[in-house]
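Undergrad: What follows is a predicted structure for the sequence shown.
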Amino acid sequence: MIQVVLKIEDLKKNYGKAEILKGISLEVKKGETKVIIGPSGTGKSTLLACVNRLVEPDHGRVLLEGEEITSRNAHKMRQKIGYVFQDFNLFNHLTALDNVRIGLIKVQKLSKEEATQIALEQLSKVGLSEKASLYPSQLSGGQKQRVAIARALAMRPKLMLFDEPTSALDPELIGEVLSVMIDLARSGMTMLVVTHELGFARTVADEIIFMENGLIVEQGPPALIFSNPQKDRTRQFLRKLTELYGEERIK
Amino acid sequence: MLLKGTLVTVELTILGLGLGFLIAVPVSFAQVYGGRVARLICSLYERTFRSIPLLVLLMLVFYGLPQIGIRFAPFVSCVLGLGIRSSAYQSQIFRGAILSVGKGQTLAALSIGMTPFESFRYIVFPQALRFSLAPWTNEFTIVLKDSSMAYALGVVELLRQGSYIISTTYEPMVIFLTCAAIYLLMTLSANKLMGYVEKKLQIPGFETKEVSH
Amino acid sequence: MSFWQIILLSMPKLLSGLTVTLYMTVFAASVGLFFGIVLCLGRVYGNKFARLLSSGFIELIRGTPMLVQLFILYYGLPVYGIRLTPLVAALIGFSINSAAYQAEYLRGSIQSIGTGQMKAALSIGMKKWQAVRCIILPQALRRVIPAWTNEFIYLLKYTSMAYIIGAPEMMAQAKFIASRNFEFFKVYLLTAAVYLSIVWVLSFVFSHLEKRLRIPGMVVTER
């Protein structure tokens, strides 16, 4: 039986009076890539932030490989979860290499040599070896995001979370980040991705999850969702996206 | 009894601030709109008076000037000293505020037929005013606190009043802590007051950042 | 006496006073930085108690005149048996005062960094204090340099207050010479000139230093 890496049970989160997450439950098995789509502001980012406990949920559990993530063990569990932010959040005062290395040295307590080796390896996997000694402000958006991915991967996570990784990028730069993510998915990484990039979803997703207003409206394999969505809302949303981005992008 | 001193402190502050304001406005103008020479003179003025300690300035005015024939009473000397020093800082505040109003605003005003004067009066000034409020509040509290240096010239403001009381009651800690409390009360009220003024004059959507006094 | 005679007479004493002035400034600026960091971290990252304590302290110090604080230290403490020399009282007073202001500058600089950096640090498994030490502080300290150099110059000017409680810095020397020779105008003018030149030189040096310490590509916002 394939192992369940991530299990989310009935997650709820309120901000003041507003109910952002109204009870989300889902499961991601090892090697699976699941993509969450849906209108903005419906709690998708909050959901991801609750998984690695950057945000405290009000109700529900998150289990990583069977072990529950609590605020007590959060920092330890986060070493096993890679998180890629929409606005990259690279450490501005560190070079690309240092950005990738710092977690290995300070958190995993590796020696400098070991850390450097791993860091360089990850940087070359995302195609940025020559940019290792540059600072974030000297990199393009796409390069920054790839460094961010390398930084997350260097920690050897069991699960990678992507929060709209390409939304802050110029159109020409989206491709380079998506191709890194596609390679990652194909190499067997377990991934939960929030994105608007339906082309990406169609290519690598094992399941599409459509979320709206803090609830999962519909989920299923891409073939089903894209060609024959069951719910009207899903249909509407996909149509809107297709209008916006053009048929090409969806293919 | 301390209240008499407090009153003097308040007088010093308001007069000093006021004098500073009167001098600062034309200076800031000259710095923004003036020719090269005017700008140079004003820069020298403000650089100089921002680089000299207030105490030195006070001494110069009160002890020094009489030697070249100009004699001022202690209170007046303090107001002069506070005022001149404050004017240097206030001119920078106003200059910065005027410059923060983008050039585009003036261009737009001129393009609908306003004279330069009108563009300043109706477009630049109202916005610059909002921008100056926060740093000016800061300056207010600075002058308030610096008024305590009038002690050195013998002016009976709050601090000196306190020390007189101590010389008869021998409770320095209690008295000075009370003085401190009064100053604190004054600075907090000044901030509250200015905060209220800021709120009233606010342009919706154009909020200035939180000011830390 | 002519101006030149005054200069020759006063300069040695003024310069010796200047060394004390500079000593006090450097001491207060550095000790103030250290405690400023402590206060600031307490205020930004501490628990409720720490936050209350540090912000209360900071507001107290910033809301009262430095002279009053000096008086409390020099004239007030003897009531409890603690008798400080003017110089020591001045050093302590200036350091405490500077710490409160520097804490606020640092807090502003931390806020300007944004929450994303902390989130990223936590997301790779760092603990909060690790994140503060390795990610937030290095950036915040870089950004606070202009404010720190400003504070340095501010302290240089305000150390003149120490003369009121009898510390032997430059202002005290000036008063002494002026009264001795009854040449107030010229001596004070000279003193003003000395302060002026020091401040100008320091400003020049500092702006160069700031340029060199910049993180490549990052724009440091002036206060």
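TA: Nice, thanks for sending it over.

Undergrad: so how far is the helix of greatest length in chain B off the chain centroid?
TA: The residue-count maximum for a helix in chain B (DSSP state H) belongs to helix B:2-33. For helix B:2-33, the separation from the chain centroid amounts to 5 Å (computed by Cα atoms, centre = their mean, to the nearest Å).

Undergrad: try stretch A:122-130
TA: On Cα atoms, centre = their mean, the centre of stretch A:122-130 falls 19 Å from the chain's centre.

Undergrad: do stretch C:74-90 as well
TA: Mean-position distance between stretch C:74-90 and its chain equals 21 Å (Cα atoms, centre = their mean).

Undergrad: List of residues touching it?
TA: With contacts defined as Cβ atoms under 8 Å, 6 or more residues apart in numbering or on different chains, stretch C:74-90 is touched by B:163, B:166, B:171-173, B:176-177, C:20, C:24, C:70, C:73, C:92-93, C:159, C:162, C:165-169. Bear in mind the C-beta positions are built from the backbone N, C-alpha and C, glycine included.

Undergrad: Drop anything exposed from those residues.
TA: Buried members of those, counted by 16 or more other Cβ atoms under 10 Å in any protein chain shown: B:163, B:166, B:172-173, B:176-177, C:20, C:24, C:70, C:73, C:92-93, C:159, C:162, C:165, C:167-169.

Undergrad: before we move on, back to that, only the buried residues of the longest helix of chain B, if you could.
TA: Applying 16+ other Cβ under 10 Å to helix B:2-33 flags B:2, B:5-6, B:8-9, B:11-13, B:15-17, B:19-21, B:23-24, B:27-32 as buried.

Undergrad: quick check: mean pLDDT across that helix?
TA: Averaging pLDDT along helix B:2-33 yields 90.

Undergrad: now stretch B:153-163
TA: Over the span of stretch B:153-163, the pLDDT mean works out to 86.

Undergrad: Could you do stretch B:133-143 as well?
TA: 90.

Undergrad: what does that stretch rub up against?
TA: Against stretch B:133-143 from outside (Cβ under 8 Å, 6+ apart): B:13, B:16-17, B:20, B:82, B:86, B:89-90, B:93, B:96-97, B:187, B:190-191, B:194-195, B:197-198, B:201, B:208-209, B:211, B:213, C:63.

Undergrad: OK, contacts around A:E68?
TA: Counting by Cβ under 8 Å, 6+ apart, A:E68 has contacts A:61-62.

Undergrad: Show me what it is bridged to.
TA: A:L63 (DSSP bridges).

Undergrad: can I see the domain layout of chain A?
TA: What automatic domain parsing lists as the domains of chain A is A:1-80+A:157-222, A:90-151.

Undergrad: Show me how far the first one is from its chain's centre.
TA: Yep, that's domain A:1-80+A:157-222 we're talking about. 6 Å.

Undergrad: Just the buried residues of stretch A:232-244, please?
TA: A:233-234, A:237-238, A:241.

Undergrad: Would you reformat the residues you listed as TSV and include distance to C:V199, pLDDT and secondary structure?
TA: Converted to TSV, those look like this (distance: Cβ to Cβ, whole Å; pLDDT from 0 to 100; DSSP: H, G, I helix; E, B strand; the rest coil):
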residue	distance to C:V199	pLDDT	secondary structure
A:R233	68	84	helix
A:T234	69	86	helix
A:F237	64	85	helix
A:L238	67	84	helix
A:L241	62	77	helix
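
Undergrad: Could you work out the most separated pair of the residues you listed?
TA: A:R233 and A:L241 (12.8 Å; Cβ to Cβ).

Undergrad: Now for the residue of the stretch 101-250 of chain A found nearest chain B, how many residues are close by?
TA: Residue of the stretch 101-250 of chain A nearest chain B, by Cβ to the nearest Cβ: A:S137 (23.4 Å). By the criterion of other Cβ atoms under 10 Å in any protein chain shown, A:S137 has 13 neighbours.
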